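[1] next input, structure requested:
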Amino acid sequence: MYDFNQCKQCGKRSGSPKYKLKNMVLYACSDCDFHYTNVLDVLDDGETPSRTLSTTEHHYIESQLPQNSRQLSLNLDFVQQHIEVAGSTCLDIGCGAGVFPSLLHHAGAMVSAIEPQPLFRQFCHQRFDITPHHELIDSPYWQQGFAEHFDIVTLWDTLEHVNFPAETITALSRVIKPQGYLFLDTPSRDSFSYRLSEWSYRFSRGRNPLMLNSLYSAKRFGHKQIFTQQQLWQLVEKHGLTIIGRSALHRAKNKHVIVCQKK
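    Take a look at the predicted model:
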């Protein structure tokens, strides 16, 4: 069992409970001020789905595609501002319903994808004829078989969901080619809504946390941590990635959207 007093960002035993939220506790590190919940996902081996995607679930996911496709098309434009996608080897981590791998494929990329949720993997296969891998990026499958393999790795709305973000960045850095690229977006703790929610929690002595209960989630694959700009930049640069650009593509006031290049 993980000791949440050990900060998931800096690794020091400087974490302590800060906010009591719905079905979870938000910890804060006194050393680096990282915020993270005391929730971790228990992941199955991914080999055998526990059940089959229902027709209702398929239709619901399908109904969300137009909105997701619009946003991910902007993300693809952002990628293509920095590197030619056609002919590139690409890995999309946390691909969800499979929209972005499909866009990459149609743009001429050689695409691999990772998705830990079995129902999304089934949808990807049925809808886009894409079969994401269940193996996480830190598994031997990727670390031993794809070292310095990819020109492009993308992490859209994923870093806030993983159990251990520092380990995720370490692992994905190893599979990027020298001079290859990482593109990611993730919610921002620098946003006004976050700061207002903290103020409301303190002022109300925990009775009114405003958006903190929606910014984080105790549900499986919910938000487990949210970064300030400084924390995110320090994390990626610690692992040999240089931030070379930011984007105002979408919800920029509430999100970090960055591109990094491996040294």
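
[2] Q179: neighbour count?
    Other residues lying near Q179 total 10 when counted by other CB atoms under 10 Å. Where C-beta positions appear, they are placed from N, C-alpha and C, glycine not excepted.

[3] swap that for P66, sorry
    Neighbour count for P66, taken as other CB under 10 Å: 9.

[4] part of a helix, is it?
    Yes. Using DSSP: H, G, I helix; E, B strand; the rest coil, the assignment for P66 is a helix.

[5] P165 and V236, how far apart?
    Relative to V236, P165 is positioned 10 Å away (CB to CB, to the nearest Å).

[6] domain parsing for the chain?
    Per the record, the chain has its domains at 1-38+206-226, 69-188+227-263, by automatic domain parsing.

[7] start to end distance for the first one?
    Using CA to CA, to the nearest Å, the end-to-end distance of domain 1-38+206-226 comes out at 22 Å.

[8] point out where the stretch 1-150 of the chain drops to low pLDDT.
    Across the stretch 1-150 of the chain, the ranges flagged by pLDDT under 70 are 45-50.

[9] where do the strands of it begin and end?
    For the stretch 1-150 of the chain, the strands defined by DSSP state E, counting those that start in this stretch cover 15-21, 24-29, 35-37, 89-93, 110-114, 150-156.

[10] geometric centre of the chain: which residue is closest?
    With distances taken as CA atoms, centre = their mean, T158 lies nearest the centre of the chain, 1.3 Å away.

[11] just give me the neighbour total for the residue lying closest to it once chain neighbours are set aside.
    By the measure of CB to CB, 6 or more residues apart in numbering, the closest residue to T158 outside its immediate chain neighbours is G94, 3.3 Å from it. Neighbour count for G94, taken as other CB under 10 Å: 26.

[12] I'd say G94 and H161 touch.
    Yes. When contacts are counted by CB atoms under 8 Å, G94 is listed as touching H161 (6.8 Å).

[13] can I get the host helix or strand of L184 in CSV, CA atoms only?
    Assessed by DSSP states H and E, L184 sits inside strand 176-187. Below are the C-alpha coordinates for strand 176-187, written out as CSV (Å, rounded to 0.1, in the frame of the first residue of the first chain):
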residue,chain,number,x,y,z
ILE,A,176,11.1,8.9,-27.5
LYS,A,177,13.8,9.2,-30.1
PRO,A,178,16.6,11.8,-29.5
GLN,A,179,15.1,15.1,-30.9
GLY,A,180,11.7,13.5,-30.8
TYR,A,181,8.6,15.2,-29.3
LEU,A,182,6.2,15.0,-26.4
PHE,A,183,2.9,16.8,-26.7
LEU,A,184,0.6,17.0,-23.6
ASP,A,185,-2.2,18.9,-22.0
THR,A,186,-3.4,18.7,-18.5
PRO,A,187,-5.6,20.9,-16.1
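
[14] just checking, what packs against that strand?
    Taking 3 or more CB pairs under 8 Å, 6 or more residues apart in numbering; DSSP states H and E as the contact definition, the neighbouring helices and strands of strand 176-187 are helix 55-80, strand 150-156, strand 255-262.

[15] pull out the buried positions in whatever helix or strand comes next after that strand.
    Remark: after strand 176-187, the chain's next helix or strand is helix 192-203, criterion DSSP H and E. Of the residues in helix 192-203, those scored as buried under the neighbour-count criterion (16 or more other CB atoms under 10 Å) are 193-194, 197-198, 200-201.
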